[in-house]
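Visitor: Sharing a sequence plus its predicted fold:
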Amino acid sequence: MTRVAAPSAALGAFPDLLTERGQRLLAQLRDLDPADELTAATRLRRDHPAELVSAAIGQARLRQRAAAKFGRDAERMYFTPHGVEQATRAPVAAWRAARFAELGARRLADLCCGVGGDAIALARAGIEVVAVDRDPLTCAVARANVEALGLADRVEVREAAVEDVPLDGFDALFADPARRGGRGRVFAPEAYSPPLSWALAAAGRAPLAALKVAPGVPHEAVPAEAAAEWVSHRGEVKEAVLWFGTGEREPRRATLLPGCDTLAGSGARRAPAGEPGRYLYEPDGAVIRAHLVAEVAEAIGGRLLDPEIAYVTADAPAATPFATGYELTDVLPFNVKRLRALLRERDVGTVTVKKRGSALTPEELIRRLKPRGPGAATVFLTRVADEPAMLLSPGVLSPRPG
């Protein structure tokens with residue numbers, strides 16, 4: 001397929017940012033304080049075209065936002081507003097790229113590549129990448145990114161509809177269908193762009209494939225031939241990925257970054273429930289999404305507080321990267337007045353509220369408690385044997401790795 005050059009109107013002032021003049025302007029704006037944008041724009045427009053100044057200030061703002069996802073690389077990269085929002089966080093992309101490399105990927109089609117975050121990680125893992133997106137500006141930005149990071153020899157960016165790209169000659173495929181529309185985030189898989197059904201069919205034509213989907217994808221929507229992986233970064237679930245052709249024995253996996261801890265299982269087991277012990281464990285969100293709480297409970301010799309709630313209790317402390325542990329001081333029936341008296345008796349002024357299975361919001365509870373004092377405590381609002389309960393802890397037993 002011959003790629004037709006995008007009309008300049010589609011790219012706006014972006015090409016000018018890549019010129020020597022544009023680069024000098026971006027260098028001047030590297031540490032721009034958002035509060036100084038108007039002053040900077042007025043000053044710079046005396047010597048530069050207004051459109052270029054606006055583009056440079058916008059790009060400086062996007063780079064600052066992107067630093068949370070791309071670290072120091074963001075200083076050299078280029079972004080669009082949607083590109084920053086939708087791009088994969090660099091440690092997550094690096095983890096997936098390493099899996100592709102370990103599984104033998106050598107030449108990969110990156111469909112719906114966006115600004116190139118995954119293509120960059122894949123290229124750094126030694127994989128040859130053809131990155132495809134239909135938007136002219138997005139492709140121009142992705143192309144500039146791989147060039148800025150010295151990866152242009154490993155990544156080819158193609159402007160095309162992903163449905164029109166022949167998949168012959170690739171030994172791996174990665175697709176990240178757009179999950180945002182004109183009205184915000186899209187949850188229905190068939191409302192993705194392109195639809196998930198198309199991505200699944202494309203995955204079936206590749207020896208090895210991974211499809212990025214929303215973390216809330218229901219288990220019943222996962223094809224029988226796929227292994228589903230939920231990935232969290234520093235305790236926050238970032239994505240779910242459907243893998244094909246990996247040969248995995250277990251169909252569900254939870255991966256916790258940056259520690260690269262992985263737990264696999266069937267996703268169908270249920271942990272037993274029992275009396276509260278001295279310790280409570282809060283599984284990572286990826287573990288919960290992957291339905292692997294039973295595996296964590298078994299590993300630490302624990303049980304559930306309630307059959308339907310993902311809090312694990314145990315009689316002895318246990319080290320696990322897959323859950324945060326707390327030592328409990330009190331397990332009581334839920335009663336705001338009693339809780340308020342208990343916290344005041346212990347001079348607790350800083351209260352962290354965690355809840356599962358309770359209708360009361362943390363903000364409402366703290367408002368009603370009016371805590372004061374130098375101490376701190378964590379309060380769990382949940383159910384024990386299907387009855388509302390409150391559990392108190394002085395804080396985290398031992399921070400999880402990472």
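Guide: Nice, thanks for sending it over.

Visitor: drop to CA atoms for contacts and neighbour counts, all remaining ones
Guide: Fine.

Visitor: Run the chain-centre distance for the strand or helix carrying G349.
Guide: Assessed by DSSP states H and E, G349 sits inside strand 348-355. What separates the centre of strand 348-355 from the centre of its chain is 26 Å, taken as C-alpha atoms, centre = their mean, to the nearest Å.

Visitor: what's the answer for stretch 110-129, then?
Guide: 17 Å.

Visitor: swap in stretch 189-199?
Guide: 20 Å.

Visitor: What is the strand holding G349 packed up against?
Guide: In terms of contacts (3 or more C-alpha pairs under 8 Å, 6 or more residues apart in numbering; DSSP states H and E), strand 348-355 is packed against helix 362-369, strand 375-384.

Visitor: Just the element for A40, please.
Guide: Assignment of secondary structure by DSSP H and E places A40 within helix 37-44.

Visitor: That helix - contacts with which helices or strands?
Guide: helix 50-70.

Visitor: what about the stretch 51-200 of the chain, any weak spots by pLDDT?
Guide: Of all residues in the stretch 51-200 of the chain, those with pLDDT under 70 make up the ranges 180-187, 191.

Visitor: mind running it again at 90?
Guide: 178-197 (pLDDT under 90).

Visitor: Tell me where it has strands.
Guide: Using DSSP state E, counting those that start in this stretch, the strands found in the stretch 51-200 of the chain span residues 107-111, 128-133, 155-159, 172-175, 180-181, 184-185.

Visitor: mind giving me JSON lines with those and columns for distance to G285 and mean neighbour count?
Guide: JSON lines is the format used below for these (distance: least, C-alpha to C-alpha, whole Å; neighbours: other C-alpha atoms under 10 Å):
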{"stretch": "strand 107-111", "distance to G285": "27", "mean neighbour count": "25"}
{"stretch": "strand 128-133", "distance to G285": "31", "mean neighbour count": "24"}
{"stretch": "strand 155-159", "distance to G285": "34", "mean neighbour count": "22"}
{"stretch": "strand 172-175", "distance to G285": "23", "mean neighbour count": "28"}
{"stretch": "strand 180-181", "distance to G285": "22", "mean neighbour count": "14"}
{"stretch": "strand 184-185", "distance to G285": "20", "mean neighbour count": "10"}
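
Visitor: Out of those, flag the one nearest P251.
Guide: Evaluated over the strands of the stretch 51-200 of the chain, closeness to P251 peaks at strand 172-175, with 18.6 Å, by C-alpha to C-alpha.

Visitor: ok, residues contacting that closest one?
Guide: 100, 105-113, 199, 203, 206-212 (C-alpha atoms under 8 Å, 6 or more residues apart in numbering).

Visitor: run the last query once more with 7 Å
Guide: Among residues not part of strand 172-175, those counted as contacts by C-alpha atoms under 7 Å, 6 or more residues apart in numbering are 105, 107-112, 199, 203, 206-212.

Visitor: In space, what's closest to A67 - neighbours in sequence excluded?
Guide: Excluding its sequence neighbours, the residue lying closest to A67 (C-alpha to C-alpha, 6 or more residues apart in numbering) is A74, at 5.3 Å.

Visitor: Can you tell me the number of residues neighbouring that neighbour?
Guide: Residues contacting A74 under the criterion other C-alpha atoms under 10 Å number 19.

Visitor: Any idea how far apart the tips of stretch 318-327 sit?
Guide: Across stretch 318-327, the straight-line distance between its terminal residues is 11 Å, by C-alpha to C-alpha, to the nearest Å.

Visitor: buried sites along that stretch?
Guide: Using 16 or more other C-alpha atoms under 10 Å as the burial criterion, the residues of stretch 318-327 that qualify are A318, T320, P321, F322, A323, T324, G325, Y326, E327.

Visitor: list the contacts for the residue nearest the centre of the chain?
Guide: Geometric centre of the chain, nearest residue: K238, 1.8 Å, by C-alpha atoms, centre = their mean. Residues in contact with K238, defined by C-alpha under 7 Å, 6+ apart, are P215, V231, S232.

Visitor: Report the secondary structure state of the nearest residue to the second one once chain neighbours are set aside.
Guide: Computed as C-alpha to C-alpha, 6+ apart, the closest residue to V231 that is not its neighbour in sequence is T255, at 4.8 Å. Secondary structure assignment for T255 (DSSP: H, G, I helix; E, B strand; the rest coil): strand.

Visitor: my read: T255 touches A264, true?
Guide: No - shown here, T255 and A264 do not form a contact pair, counting by C-alpha atoms under 7 Å, at 8.7 Å.

Visitor: More neighbours: which of the two?
Guide: Under the criterion of other C-alpha under 10 Å, the comparison of T255 against A264 puts T255 first, with 25 against 21.

Visitor: any idea how far the more buried one is from F174?
Guide: T255 is 18 Å from F174, where distance means C-alpha to C-alpha.

Visitor: now swap in R249 and tell me
Guide: In this structure, R249 lies at 21 Å from F174, with C-alpha to C-alpha as the measure.

Visitor: try A67
Guide: As it turns out, when the distance is counted by C-alpha to C-alpha, A67 lies 24 Å from F174.

Visitor: again, but for E128
Guide: E128 is 13 Å from F174, by C-alpha to C-alpha.

Visitor: mind listing the helices for this structure?
Guide: 8-11, 14-17, 20-28, 37-44, 50-70, 81-86, 90-102, 117-124, 136-148, 196-203, 285-289, 293-299, 336-345, 362-369 (DSSP state H).
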